[in-house]
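>>> take a look and give me a structure for this.
(chains A, B and C)
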Amino acid sequence: MSHSRPTLAVYKFSSCDGCQLSILNLEDELLALAEAVDIAYFLEATRAVKEGPYDLAIVEGSITTQHEIERIKEIRQSAKKLIALGTCATSGGIQALRNFADADRYADVVYEHPEYLHYLKTATPVAEHVHVDLELWGCPVNKAQVLDVISSLLNNRQPNLPPYSVCLECKRRNTVCVLVDQAIPCLGPVTQAGCNAICPSMGRGCYGCFGPAREVNTNSLTTILKKMERQPGETARLFRGISGYSPIFQDAADAILEGNKVAK
Amino acid sequence: MIDSPEKILVPQSELLLSPHWAEVMDITPEAEGISTYWLRFTDPVEQETFRFEPGQFNMVYLPGFGESAISISSDPNDHEKLGHTIRFVGNVTRAVSRLKVGDIVGLRGPFGTYWPMREMEGKDVFISCGGIGLPPLRPAIYHIIRNREKYGKVTLLYGSRTSSDLMFPKEYESWRNANIDVEVTVDRGDANWNGRVGVVPMWFYQFRIDPRKTAVLTCGPEIMIRFVIYEAMARRVPVESIYVSLERNMKCGQGSCGHCQMGPYFICKDGPVFRFDELQSFFNVEEF
Amino acid sequence: MPTERIPEIGSTVTIQKPAFNSILSRLKEDGYLPIGPRLKDEALVYAPIDKIEDLPQGVSTVQKPGYYRLTRGKHMRYFDIIPGAHSWKQFLFPSRAELFKLQKNGREWERLPEKEEPVNYAFIGVRACELAAIQIQDNIFMRSDFTDPIYQAHRKRVFIVSVNCTHPSETCFCTSMGTGPRVKDSYDLDLTELDDVFVLTIGSELGKRLMTGIPFEDASGYIRTNVEHKLEHAEQQMRRKLDTTDLPELILNHLDHPYWNEIGKRCLSCANCTQVCPTCFCWDTVDEISLDGQTTGRARVWDSCFNPGYSYQAGGNTRPTIYSRYRQWMSHKLGTWKQQYGTLGCVGCGRCITWCPAEIDITEEVAALRNEVER
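Numbers count the residues shown, from 1 in each chain, chains lettered A, B, ... in the order given. Sure thing, here's the model as predicted:
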């Protein structure tokens, strides 16, 4: 099959590189991957660049500048399939916090000469700009899922992306529920599984980086988390975290903030 | 160390969900997105001894993709090959659509209950089905044809969305020759169609049925099944004479994985064919 | 001390607590992996143990709906903390089991050989409710018409040291379900912990053999009375009740009741109740495929009727709403289970109450439904 290997291109937008690195972190499987696909464009891995069009484009990062809007459209045109990789690409990531604030004020605070900056007022997921064939969540993504998605594409198969919540993964690996056991705020019950519940297994609450699971009950979780808040506003901040721009978590945070206003 | 052992393996001699291999001998396209796959077990003894009853199903397995519960649509008396009529809709069945003659698939089965061929002897049989609901009934039709004298009046009322979605149209003539009243209707007529138009339950009422001695068999979209049952009951057909074949998500076929539960039943083991009085008390409970 | 004697099956004896280590060593010599109560992440779990010192001595819990905390220093007993955050089913019905791996050879698939043998577990500290749960799962996985090879392989090798509960937790309601707190049968050794000794009843030939050479004394009348009193006291302590009157019918005759919508608003559909439940048995398959498509594997993993994908099939989802999933769970556990397996599917261990983040309490929900219906 080596004569007609599909070509792969990996791109970075506004992001930290962590998700691309999880491809390189595949280690044991990396050679098999390099045999199965023709890595045509992957600056993090090799400076050798082959011309497009590509069979598969993997895009990391959110869209935060006008230039990025144009670039993502070009990439879409040159790719048969496009995967949005990681929470920045799927919901804007942590930089999407500015979507709920005044981006200019942030720039004024951070930079001495903000006038040199060219940025959009929002950081948005790739799917707001071009058609995305598959979204792979996570900050960072789970490398086993990356591998499964690529082998699924190569084998014309539906990838194993669970629709259920992180709780199932916690229980399968015998993690004790941190929410019940230690009153640690945890988004696990409303967050899509796929990470193998790493954070709770390390005694930390889930912060929702895999985005909302299907048909979740954020209202009920809000009620629970508000009762165990260690500082006021903690629950709203938890929803408005790394996946905060995803519509379901946005609504959950908005509902809390609206409720607070009414209460006042 | 305190975590339980991560990986637990099974003794090699006894395996759960262990597939039996079969070769694709032939593929018959039936309609857009639906084909019949003719299979033979690679083990000749297995092929020789495999028996099934009309209405039963197999779990069809494609390594790397998974299993799908598919009813057997071929003649139970044909011991040379096994037919599965498959619609390409899910992960497994879309992979089935890429199979070629000579490819190997896994099978487990046969599973489930079957149409009451013995109990219906001496009775009229009214088969009322829609779309992909005909394939699980075709083995019953073959059985009736082979034992035609044992059954009274036999009617097949079959409907599909359009005339090009009809299953097995080339066989209707031979079924009619065997004294089966084959009545076909389509939801939407077109230039190529001059037969009945309208959904199956709508036409149901047009047929003369003697409720005292008729068994009604139905299979197809759940909404159609509901209305066929409603119409049959309106004709005073006792619930004990109405048989339905149901469909649910299935993983094991052995009443073990839990997925296909409906009330007290595992559809894979206690169904797929039910006498309607077994289901009546909760059939209309929403999302049950 | 008459160490040359071996206690008979059915007899009750006492051993000094440190002698329990001899039982553990004997089990290990006989090829068992002893699994017992341990502390992990501020909770009780069942995990491999080497010696009695691994057990959580002097630890108890405070448990409420959605709440679990350890308390320390109120006593010096080893077995006064129940139930585990997870159940024994993780060993007999593992949360993930590899079924087989296949490699493509031409057009055919060949099975790759497996390496490991199943483990012989010795369960130390199985409570009466948990024994009942194991028997319920026996009915499910070892039916006359279908036997689950993974379950059976582990089950038939298991050695069981049961423990009578003398201090049930606040979420326990085994007396309502008729399963505890007293262990009745189906053990190799049955243990009751008093402040100074362990009281053991020999339940099987295996249990008897294991006691060979372990120093013991026959249990005195005083000891026996003491055990009785403790068990009676435990029964009286159990405040939480589930009224099982008319149980399958109460639920199955009211599947359309608006009450289910009310639970649906609170339930997270997170599946925690089903995963900690010692009788829940649903499972799913996972298929894997290599990049080149030449190697594939199948595994069996725990599933749950609360998984949004559980009843999904081409054409739709049978239970797309959270209320319908909760209703499925409860109407199965306390309803249709009886038609399927002859008993209810609940043993009263209270795990689903403690570990529900939304604080849903099955005993209160049944009572609430009963109220609504009777109103």
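>>> okay, CA-based contacts and neighbour counts for the rest of this
OK.
>>> what strand or helix carries the residue in the stretch 101-250 of chain B that chain C sits nearest to?
Closest contact between the stretch 101-250 of chain B and chain C, by Cα to the nearest Cα, is at B:Asn249 (5.3 Å). Under the criterion of DSSP states H and E, B:Asn249 resides outside all helices and strands.
>>> likewise A:Ile69?
A:Ile69 belongs to helix A:66-77, assigned by DSSP H and E.
>>> give the buried residues for that helix.
Across helix A:66-77, burial judged by 16 or more other Cα atoms under 10 Å in any protein chain shown covers A:68-69, A:72, A:75-76.
>>> pLDDT on the helix or strand just after that helix, on average?
Counting by DSSP H and E, the next helix or strand C-terminal to helix A:66-77 is strand A:79-85. In this model, strand A:79-85 has a mean pLDDT of 97.
>>> with only the CA atoms kept, save strand A:79-85 in CSV.
Output of strand A:79-85 as CSV, limited to C-alpha atoms (Å, rounded to 0.1, in the frame of the first residue of the first chain):
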residue,chain,number,x,y,z
ALA,A,79,-7.7,19.1,1.9
LYS,A,80,-10.0,16.2,1.2
LYS,A,81,-10.7,15.6,4.9
LEU,A,82,-10.1,18.1,7.7
ILE,A,83,-9.8,17.2,11.4
ALA,A,84,-10.0,19.9,14.1
LEU,A,85,-7.5,18.8,16.7
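>>> that one: how far from the chain's middle?
With Cα atoms, centre = their mean, to the nearest Å as the basis, strand A:79-85 stands 14 Å off its chain's centre.
>>> that one - contacts with which helices or strands?
strand A:54-60, strand A:134-136 (3 or more Cα pairs under 8 Å, 6 or more residues apart in numbering or on different chains; DSSP states H and E).
>>> any chance of these in a markdown table, plus distance to B:Pro63?
Below are the helices and strands packed on strand A:79-85 laid out as a markdown table (distance: least, Cα to Cα, whole Å):
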| stretch | distance to B:Pro63 |
| --- | --- |
| strand A:54-60 | 24 |
| strand A:134-136 | 23 |
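>>> sorry, back to before: looking at it, the residue of the stretch 101-250 of chain B closest to chain C is touching B:Met262, isn't it?
No: counting by Cα atoms under 8 Å, B:Asn249 sits too far from B:Met262 to count as a contact (10.9 Å).
>>> list the buried residues of stretch B:137-154.
B:137-145, B:148, B:151-154.
>>> okay if I get these as JSON lines plus pLDDT and secondary structure?
Below are these laid out as JSON lines (pLDDT from 0 to 100; DSSP: H, G, I helix; E, B strand; the rest coil):
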{"residue": "B:Leu137", "pLDDT": "98", "secondary structure": "helix"}
{"residue": "B:Arg138", "pLDDT": "98", "secondary structure": "helix"}
{"residue": "B:Pro139", "pLDDT": "98", "secondary structure": "helix"}
{"residue": "B:Ala140", "pLDDT": "98", "secondary structure": "helix"}
{"residue": "B:Ile141", "pLDDT": "98", "secondary structure": "helix"}
{"residue": "B:Tyr142", "pLDDT": "98", "secondary structure": "helix"}
{"residue": "B:His143", "pLDDT": "98", "secondary structure": "helix"}
{"residue": "B:Ile144", "pLDDT": "98", "secondary structure": "helix"}
{"residue": "B:Ile145", "pLDDT": "98", "secondary structure": "helix"}
{"residue": "B:Arg148", "pLDDT": "97", "secondary structure": "helix"}
{"residue": "B:Tyr151", "pLDDT": "98", "secondary structure": "coil"}
{"residue": "B:Gly152", "pLDDT": "97", "secondary structure": "coil"}
{"residue": "B:Lys153", "pLDDT": "97", "secondary structure": "coil"}
{"residue": "B:Val154", "pLDDT": "98", "secondary structure": "strand"}
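>>> can you tell me which of those residues is nearest C:Arg38?
Distance to C:Arg38, by Cα to Cα, is smallest for B:Leu137 among the buried residues of stretch B:137-154, at 56.9 Å.
>>> look up the closest residue to that closest one, ignoring the ones flanking it.
What sits nearest to B:Leu137 in space, not counting adjacent residues and going by Cα to Cα, 6 or more residues apart in numbering or on different chains, is B:Gly55, at 6.3 Å.
>>> sec struct for the one you found, please.
coil (DSSP: H, G, I helix; E, B strand; the rest coil).
>>> rewinding a little: so which of the helices and strands packed on strand A:79-85 gets nearest chain B?
strand A:134-136 (15.4 Å).
>>> what comes up buried for stretch B:167-181?
Quick answer for stretch B:167-181 (16+ other Cα under 10 Å): B:167, B:172, B:175-176, B:180-181.
>>> and if you look at stretch B:180-190?
For stretch B:180-190, using 16+ other Cα under 10 Å, the buried residues are B:180-186, B:189.
>>> what does that stretch contact?
B:153-163, B:172, B:175-176, B:195-200 (Cα atoms under 8 Å, 6 or more residues apart in numbering or on different chains).
>>> circling back: wait, which of the helices and strands packed on strand A:79-85 is closest to chain C?
Nearest of the helices and strands packed on strand A:79-85 (Cα to the nearest Cα): strand A:54-60, 14.4 Å.
>>> spell out the secondary structure type for the closest residue to chain B within chain A.
Nearest residue of chain A to chain B, counting by Cα to the nearest Cα: A:Gln158, 5.7 Å away. Using three-state DSSP, the structure places A:Gln158 in coil.
>>> give the contact list for it.
A:Gln158 touches A:152, B:65, B:91, counting by Cα under 8 Å, 6+ apart.
>>> likewise C:Ala43?
A:176, A:181, C:68-70, C:84-85 are the contacts of C:Ala43 under Cα under 8 Å, 6+ apart.
>>> with just CA atoms, put stretch C:289-296 into PDB.
Extracted in PDB, the C-alpha atoms of stretch C:289-296 (Å, rounded to 0.1, in the frame of the first residue of the first chain):
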ATOM      1  CA  ILE C 289      -8.000  -1.800  14.100                       C
ATOM      2  CA  SER C 290      -4.400  -1.200  13.300                       C
ATOM      3  CA  LEU C 291      -3.300   1.600  10.800                       C
ATOM      4  CA  ASP C 292      -2.700  -1.000   8.100                       C
ATOM      5  CA  GLY C 293      -6.000  -2.700   8.800                       C
ATOM      6  CA  GLN C 294      -4.200  -6.100   9.200                       C
ATOM      7  CA  THR C 295      -4.600  -6.500  13.000                       C
ATOM      8  CA  THR C 296      -7.800  -6.100  14.900                       C
END
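>>> can you tell me how far the residue of chain A closest to chain B sits from C:Gln103?
Remark: distance between A:Gln158 and C:Gln103 (Cα to Cα, to the nearest Å) = 20 Å.
>>> so B:Pro211 makes contact with B:Arg235?
Yes: contact status for B:Pro211 versus B:Arg235: in contact at 6.7 Å, counting by Cα under 8 Å.
>>> got phi/psi on the residue minimising distance to the centre of chain A?
For chain A, the residue nearest the mean C-alpha position is A:Thr87 (1.1 Å; Cα atoms, centre = their mean). Torsion angles at A:Thr87 (phi, psi; degrees, to the nearest 10) stand at phi -70, psi -30.
>>> longest helix of the chain?
If you meant another chain, say so; for now it's chain A. helix A:247-263 (DSSP state H).
>>> looking at chain C here, not the other one
helix C:221-237.
>>> in it, what counts as buried?
C:223, C:227, C:230-231, C:234-235.
>>> show me which residues of the stretch 151-300 of chain C sit near chain A.
Taking Cα under 8 Å from any Cα of the partner chain as the criterion, the neighbours of chain A within the stretch 151-300 of chain C are C:265-272, C:275-276, C:286, C:288-293.
>>> if anything else comes up later, I'll come back, but that's it for now.
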